[in-house]
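[1] this is a predicted model, with the sequence first.
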Amino acid sequence: MTQHDRQGWLVVGSVAATNFVVMGPSIGTIGIFFTPLIKQFGWSREQVSMMATAFLFAMGVVNPLVGWLLDRIPARIPMSIGAAAAGAAFLLASRVNSLGALIACYALIGLGVGASTITPGLIVAANWFSGQRGLAIGITIAGAGLGGCVLPPLVSHLIALYGWRATMVCIGVPMFVLALPLILLIIRTRPEGAGSEEQAAAASGLELGAALRALPFWLLVAMQLGFTVAFAGAYFHMVPFLIGTGYSAQTAAFIFGAQAAVSLPGYLVLGTLADRFGAKPVLAGALVVQAVSMMLLLAIAGHYFTTGLTVIFVVTYGLTVGSGTALGAVLLAEALGLRSYGALSGIIGLIATVGSAVGPVIAGHIYDTTASYSAAFELCAALMLAAAVFASLVYPAEGHDVASAMALRARH
């Protein structure tokens, strides 16, 4: 392993750790605070749900700006500001006594998380690696996924022991003492003093305007929109769907938790396969597997229950659930290059946030209209198949591997 590789994996590991500390306990614990807040203040479920809306909206809005900035300034600047903002917002949230103030704090948390985690992490990983880009991106996203699995039970335990205010302090402090040092001391947007080959790769690709006019970008947008609407529509309604068909809350929670555990190695498996066979065929295949797994879930919920069928669902769904995010980022670099990768990633991140917000609403509306989730899950499976088709149509745009003389001079 070369010095460049060692430094690159250290950077990628630091990004994953930052995602674990900042992203994991932020988005993964919003719902855990609902019950103690309702109990103390008497707010309704609709009112406390506005915390999640503010968080997701703010995180989505900041993505394009962060992506645009990372094409121009070092990643540690917006990432450090974002981590500090999220940490400070948790400390402020621990002291509030009004719903409006709490919602404002969660909007600030969303801005901070968006500036310091997924979008900058994708950009940094893509810049440091080309031959192992899929694995590098998978590791960064797995850090957030691990935080989302491990930290919510811990947060729930801390709330039971010390209350929600002290727990928010416990979430915010590590963002200062762990995430900030990693960002400032280790994380760099791209290798410093890289050779001509790495410089050319970093400078190659379409300018932003040309990329936005290129068909491959809009195919990626269509893929991401189909994927996120389908993913969120099924993911957030999975447990109530299973409970509604007669399974106990414990069994439903076990199935949901099992697929979440499988998703962590899934990011690494998909990334490794993409490095070996290319992102496009692996992504298209993974999206097809996602669609099939949703139909398997319908079979399980229809009480065609066997342990084997459940295991197959958990494995197929869990291994491919993050495919649109992780492999979509790799395919973006392969199709349009790295010159405007940050801005393009930010735009797609905003679209992904919109899809994630719309998906659960659509699924809920279908249930309210039909008194069944079956049509909603069938729609989600169809959208996954459509996303697979769009992914399979993506091709390298003309100029994706061409570096302008001006861009190369800027790298020297």
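    The structure has been received and is ready for your questions. Being a predicted model, the structure only gives us computed values, none of them experimental. Numbering: from 1, shown residues only.
[2] so where does G147 fall, helix or strand?
    Taking DSSP states H and E as the criterion, G147 maps to helix 133-162.
[3] helices and strands around that helix, which ones?
    helix 3-18, helix 24-27, helix 118-128, helix 164-174, helix 249-277, helix 323-336 (3 or more C-beta pairs under 8 Å, 6 or more residues apart in numbering; DSSP states H and E). (C-beta placed from N, C-alpha, C; glycine too.)
[4] following the shortest one in sequence, what is the next regular element?
    The helix or strand immediately downstream of helix 24-27 is helix 34-41, counting by DSSP H and E.
[5] if I take the helix holding G147 and helix 34-41, what angle do their directions form?
    Relative orientation of helix 133-162 and helix 34-41, computed by axes from the mean of the first three to the mean of the last three C-alpha atoms, to 10 degrees: 30 degrees.
[6] run the chain-centre distance for stretch 8-28.
    12 Å (C-alpha atoms, centre = their mean, to the nearest Å).
[7] tell me the mean pLDDT for it?
    Computed over stretch 8-28, the mean pLDDT rounds to 91.
[8] and stretch 294-303, by the same measure?
    Stretch 294-303 comes out at a mean pLDDT of 79.
[9] with stretch 72-83 instead?
    So the average pLDDT for stretch 72-83 ends up being 93.
[10] would JSON lines of the helices and strands packed on helix 133-162 with distance to Y235 and mean neighbour count be doable?
    Conversion of the helices and strands packed on helix 133-162 to JSON lines gives the following (distance: least, C-beta to C-beta, whole Å; neighbours: other C-beta atoms under 10 Å):
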{"stretch": "helix 3-18", "distance to Y235": "22", "mean neighbour count": "19"}
{"stretch": "helix 24-27", "distance to Y235": "13", "mean neighbour count": "25"}
{"stretch": "helix 118-128", "distance to Y235": "16", "mean neighbour count": "28"}
{"stretch": "helix 164-174", "distance to Y235": "23", "mean neighbour count": "19"}
{"stretch": "helix 249-277", "distance to Y235": "9", "mean neighbour count": "18"}
{"stretch": "helix 323-336", "distance to Y235": "12", "mean neighbour count": "27"}
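[11] so which of these comes closest to A232?
    Among these, helix 323-336 comes nearest to A232, with 10.9 Å by C-beta to C-beta.
[12] tell me what angle the closest one forms with helix 133-162.
    When the same axes, to 10 degrees is applied, the directions of helix 323-336 and helix 133-162 differ by 150 degrees.
[13] per-residue confidence at G138?
    Reported pLDDT at G138 in the predicted model: 88.
[14] what's the local residue count around it?
    By other C-beta atoms under 10 Å, the residues close to G138 number 33.
[15] neighbours around E46, how many?
    7.
[16] make that I300, sorry
    Per other C-beta under 10 Å, the neighbour tally for I300 reads 19.
[17] hang on, it packs against G308?
    No. Judged on C-beta atoms under 8 Å, I300 makes no contact with G308 at a distance of 10.8 Å.
[18] once you drop chain neighbours, what's closest to A397?
    Closest residue in space to A397, ignoring its immediate chain neighbours: A214 at 4.4 Å, by C-beta to C-beta, 6 or more residues apart in numbering.
[19] just confirm the one you found contacts G337, I think it does.
    No. With contact defined as C-beta under 8 Å, A214 and G337 do not form a contacting pair (10.6 Å).
[20] so if I had to pick from the two, which one is more boxed in?
    When A214 and G337 are compared for neighbours, G337 comes out ahead with 25 against 20, by other C-beta under 10 Å.
[21] wait, that one sits on L208?
    No. With contacts counted by C-beta under 8 Å, G337 stays clear of L208, the gap being 11.3 Å.
[22] point out where the stretch 101-250 of the chain drops to low pLDDT.
    Along the stretch 101-250 of the chain, segments meeting pLDDT under 70 span 193-203.
[23] does M168 touch G87 like I think?
    No. Using C-beta under 8 Å as the test, M168 is too far from G87 to be in contact (10.4 Å).
[24] before we move on, back to that, identify the residues contacting the residue nearest to A397.
    Shown in contact with A214 (C-beta atoms under 8 Å, 6 or more residues apart in numbering): L206, L336, A397.
[25] let's have those in TSV, adding distance to L182.
    Listed next are these as TSV, based on distance: C-beta to C-beta, whole Å:
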residue	distance to L182
L206	32
L336	29
A397	35
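[26] report the buried residues of the helix holding G147.
    Residues of helix 133-162 classed as buried by neighbour count (16 or more other C-beta atoms under 10 Å): 133-149, 151-152, 155-156, 158-159.
[27] stretch 229-247 too?
    For stretch 229-247, the neighbour count (16+ other C-beta under 10 Å) marks 229-239, 241-243, 245, 247 as buried.
[28] please enumerate residues in contact with that stretch?
    Contacts of stretch 229-247 (C-beta under 8 Å, 6+ apart): 249, 251-253, 255-256, 290-291, 294, 297, 300-303, 321, 324, 355-360, 362-364, 367, 373, 376-377, 379-381, 383-384, 387.
[29] can you check stretch 310-319 too?
    255, 258-263, 265-266, 269-270, 286, 289-290, 292-294, 296-297, 300.
[30] surely F90 is in contact with A166?
    No. Under the criterion of C-beta under 8 Å, F90 is not in contact with A166, lying 11.3 Å apart.
[31] which ones are touching the closest residue to S49 other than its chain neighbours?
    Counting by C-beta to C-beta, 6+ apart, F34 is the residue found nearest to S49 once chain neighbours are left out, at 7.7 Å. Counting by C-beta under 8 Å, 6+ apart, F34 makes contact with R45, V48, S49.
[32] show me what the helix or strand containing N63 is packed up against.
    Per DSSP H and E, N63 falls inside helix 45-70. Judged by 3+ C-beta pairs under 8 Å, 6+ apart, helix 45-70 is in contact with helix 34-41, helix 76-93, helix 99-116, helix 118-128, helix 341-370.
[33] could these go into CSV alongside distance to K280?
    As requested, the helices and strands packed on helix 45-70 are exported to CSV (distance: least, C-beta to C-beta, whole Å):
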stretch, distance to K280
helix 34-41, 41
helix 76-93, 29
helix 99-116, 27
helix 118-128, 16
helix 341-370, 16
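[34] deepest of those, which one?
    helix 118-128 (a mean of 28; mean count of other C-beta atoms under 10 Å).
[35] fine by me, thanks again.
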